[in-house]
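S.K.: Here is the input, now give the coordinates:
(chains A and B)
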Amino acid sequence: MAENDVDMEDIGASAGKSKGRGLTTSRNREKIVYDVVDEDQSTGSAEKSGNVGGPQRSVEEELDFLKGYALVEYGTQKEATEAIEKCNGTDLLGQNINVDWCFIRGAKK
Amino acid sequence: MSGDEVKPSNDFYVRYYVGHKGKFGHEFLEFEFRPNGALRYANNSNYKNDTMIRKEATVSESVLTELKRIIEDSEIMQEDDSSWPEPDKVGRQELEILYNNEHISFTTGKIGALADVNNSKDPNGLRSFYYLVQDLKCLVFSLIGLHFKIKPI
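M.R.: Got it, this is the predicted structure:
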């Protein structure tokens, strides 16, 4: 997925149809250097969408019931992986829920 | 970019900007989701000599899918900004979305309250913009907040 990044200057031109007044602020703040969490650090705190139940220890849950999604943080990658495996595709109050990793490793700079 | 390039039609891009220029400089909040999942967030103010906050993370396909759902539910792609309030000295908002080969680049002023929406020329369109922006901000703040927690569990 990381390879298909596109040139944002041209983004409107790639669309079949385009509307709106257009923009005046600079879209590409490419020169800005963004903070990126160290990868070891980010894999340690596993986050993903979905509600988690069962034997997993979900220490913190932010359940946005009305939003249709939730981000859940786990203390270890193992616990999070287990939660994904056990909960993805299961039924929650009559609705199928998708549980997956929230963050992935980005393209190497 | 050269004209002979064939671009995939499934590119997905979202950018939102809100800001104004005042006595604390150019104060703005901006975030974007790029087709490769890169989420960029910037928040700038020179209030009390503050400096710009910039964060970048990469979200998974499932987050992008959820984002697409939020955009679809908002029906923003069917709206048009032609009769929305013009940006003024109070501020400016910009929303740019590329989705399903359709591109919108909407610009309007800041919306202080829902009453402004209801009294506008296009209350329905502006209302979907207003709620979509709230939903997008909520998602982005949750994502950035979680990813950059100072004290993860």
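S.K.: Distance from the host helix or strand of residue B:72 to the middle of the chain?
M.R.: For residue B:72, the enclosing helix or strand under DSSP states H and E is helix B:61-74. Relative to the centre of its chain, helix B:61-74 is centred 13 Å away, using CA atoms, centre = their mean, to the nearest Å.
S.K.: How about stretch B:50-70?
M.R.: 11 Å.
S.K.: do it and chain A meet?
M.R.: Yes: using CB under 8 Å from any CB of the partner chain, stretch B:50-70 comes into contact with chain A via B:52, B:54-63, B:65-66, B:69. Every C-beta, even on glycine, is put in place using the N, C-alpha and C of the backbone.
S.K.: Take the residues you listed and write them to a markdown table, including pLDDT.
M.R.: Formatted as a markdown table, the residues of stretch B:50-70 next to chain A follow (pLDDT from 0 to 100):
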| residue | pLDDT |
| --- | --- |
| B:52 | 91 |
| B:54 | 93 |
| B:55 | 94 |
| B:56 | 95 |
| B:57 | 95 |
| B:58 | 96 |
| B:59 | 95 |
| B:60 | 94 |
| B:61 | 94 |
| B:62 | 92 |
| B:63 | 94 |
| B:65 | 94 |
| B:66 | 94 |
| B:69 | 94 |
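S.K.: Quick check on the residues you listed: which are buried?
M.R.: The neighbour count (16 or more other CB atoms under 10 Å in any protein chain shown) marks B:54-60, B:62-63, B:66 as buried among the residues of stretch B:50-70 next to chain A.
S.K.: what's the farthest-apart pair in the residues you listed?
M.R.: Taking CB to CB as the measure, these span a maximum distance of 24.7 Å, between B:54 and B:62.
S.K.: who touches residue B:70 in this structure?
M.R.: By CB atoms under 8 Å, 6 or more residues apart in numbering or on different chains, the contact set of residue B:70 is B:132, B:135-136, B:139.
S.K.: which stretches of chain A form strands?
M.R.: A:17-19, A:46-49, A:60-64, A:69-74, A:91-92, A:95-96, A:100-101 (DSSP state E).
S.K.: the longest helix in chain A is where?
M.R.: Using DSSP state H, we find that the single longest helix of chain A is helix A:77-87.
S.K.: what about that helix, near chain B?
M.R.: No: using CB under 8 Å from any CB, we find that helix A:77-87 stays clear of chain B, coming within 10.0 Å at best.
S.K.: tell me the angle that helix makes with strand A:69-74.
M.R.: Interaxial angle of helix A:77-87 relative to strand A:69-74 (axes from the mean of the first three to the mean of the last three CA atoms, to 10 degrees): 140 degrees.
S.K.: for helix A:77-87, packing partners?
M.R.: strand A:46-49, strand A:69-74, strand A:100-101 (3 or more CB pairs under 8 Å, 6 or more residues apart in numbering or on different chains; DSSP states H and E).
S.K.: if you set the cut-off to 7 Å instead, what comes out?
M.R.: strand A:46-49 (3 or more CB pairs under 7 Å, 6 or more residues apart in numbering or on different chains; DSSP states H and E).
S.K.: could you give the mean pLDDT of the strand it packs on?
M.R.: Strand A:46-49 shows a mean pLDDT of 40 in the predicted model.
S.K.: Cool, thanks, talk later.
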